[in-house]
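1. generate a structure from the sequence data that follows.
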Amino acid sequence: MTTDIQTNPIGVHALVWAGDTSPSSLASAIEKTKATGFDLLEISLHDSANLDVGAARDALRAADLGVACSRGLAFDADVSSDDPSVVERGEKLLHDSLAVTGALGGTHFTGALYSALGKYDHPLTTTGRRNVVSVLRGLAQEAQRQVMTLGLEICNRYETNVINTARDALVLADDIGEDNVLIHLDTYHMNIEEDDLVRPVHEVGDRLGYVHIGENHRGYLGSGHLDFTSFFHALADIDYRGPITFESFSSAVVMRGLSNDLAIWRNLWSDGEDLARHAHAFITDHLHTSRSR
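-> Take a look at the predicted model:
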């Protein structure tokens, strides 16, 4: 028996390396991403005002690294709001972020594109959901013209009230109705909201477009209680070949705003390079063994 050659691009979130996207921080992140063997760097656009897009694009190309961008919205720029002026600010933020992603050379723009990142004190309203569908349909059509993909990252109930499960995301994607809107699974959020780590993968199937690998406490992979063996087996079952990006946060590396939004209060690690090398080996080994069955 021969083992299938692993073809998934393996990525790492930039917050493993630096808490901002200033030119020096991003140059360091790109250098370390390459040195630790990853194929792709995911950049959060919460700090995009400090991002030198041209320099970052050139450095990524020189390092032969792919790039994906992610973000959530803010409560004063939220496309799931009932307030037209708030929706308008959120829509502009999404289109600006899509343009940055394209200028960096990325083809995947993902995250909580449908709401603010934070705990809502009420369920999603009918008007709010209608606004989400309308805005994301227009964003997807713009992305399609640039041959780009949108990811709907499914987040837990404490970070959004729009989609918390794979089934929620599939219904929303159906309502948006554009082929380049794919599902983004994240094991950290799945652990909170799903029955297990297998059924959602099978439910999403060939509509899966992006994966975040993270422990239940966002620390070292394998140090928590998540059943990664079953999750990687499920990815092999559906022959998933898209990006798999390691995401971890610690108070050792802080992006002001995003760290607060995600409630990163604990110092789960202090050496990002050791953490990243371990994660790359962990993901590579699980991909290899899951495809050797």
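2. show me where this protein has its strands.
-> 10-13, 40-44, 66-73, 108-116, 149-153, 181-186, 208-213, 244-246 (DSSP state E).
3. I'd like these as JSON lines, with mean pLDDT and mean neighbour count appended.
-> For the C-beta atoms, the positions are set from N, CA and C on the backbone; glycine is no exception. Formatted as JSON lines, the strands of the chain follow (pLDDT from 0 to 100; neighbours: other C-beta atoms under 10 Å):
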{"stretch": "strand 10-13", "mean pLDDT": "98", "mean neighbour count": "24"}
{"stretch": "strand 40-44", "mean pLDDT": "97", "mean neighbour count": "24"}
{"stretch": "strand 66-73", "mean pLDDT": "97", "mean neighbour count": "24"}
{"stretch": "strand 108-116", "mean pLDDT": "98", "mean neighbour count": "26"}
{"stretch": "strand 149-153", "mean pLDDT": "98", "mean neighbour count": "26"}
{"stretch": "strand 181-186", "mean pLDDT": "98", "mean neighbour count": "25"}
{"stretch": "strand 208-213", "mean pLDDT": "98", "mean neighbour count": "25"}
{"stretch": "strand 244-246", "mean pLDDT": "98", "mean neighbour count": "25"}
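4. nearest to Ser97, out of the ones you listed?
-> strand 66-73 (5.5 Å; C-beta to C-beta).
5. packing partners of that closest one?
-> If you count contacts as 3 or more C-beta pairs under 8 Å, 6 or more residues apart in numbering; DSSP states H and E, strand 66-73 packs onto strand 40-44, helix 53-62, helix 84-104, strand 108-116.
6. the inter-axis angle of the shortest one versus strand 208-213?
-> On the basis of axes from the mean of the first three to the mean of the last three C-alpha atoms, to 10 degrees, strand 40-44 is oriented at 80 degrees to strand 208-213.
7. go on, the third one?
-> Between the axes of helix 84-104 and strand 208-213, defined by the same axes, to 10 degrees, the angle is 90 degrees.
8. over to the second one?
-> Direction vectors for helix 53-62 and strand 208-213, defined by the same axes, to 10 degrees, enclose an angle of 90 degrees.
9. pull the residues that contact helix 53-62.
-> 21, 23, 26-27, 30, 41, 43, 66-67, 100, 103-105 (C-beta atoms under 8 Å, 6 or more residues apart in numbering).
10. closest one of those residues to His189?
-> With C-beta to C-beta as the yardstick, the closest approach to His189 among the contacts of helix 53-62 comes from Ile43, at 19.9 Å.
11. quickly list what that closest one is bridged to.
-> Residues in a beta bridge with Ile43, per DSSP bridges, are Cys69.
12. Ala77 touches Ser85, doesn't it?
-> No - applying C-beta atoms under 8 Å as the test, Ala77 and Ser85 come out as separate, 9.7 Å apart.
13. so between those two, which is more surrounded?
-> Between Ala77 and Ser85, Ala77 has the larger neighbour count (other C-beta atoms under 10 Å), namely 18 against 10.
14. distance of the closest residue to the more buried one other than its chain neighbours relative to Leu262?
-> Counting by C-beta to C-beta, 6 or more residues apart in numbering, Ala77 lies nearest to Arg89, which is 3.8 Å off, once chain neighbours are set aside. Using C-beta to C-beta, to the nearest Å, Arg89 is found at 21 Å from Leu262.
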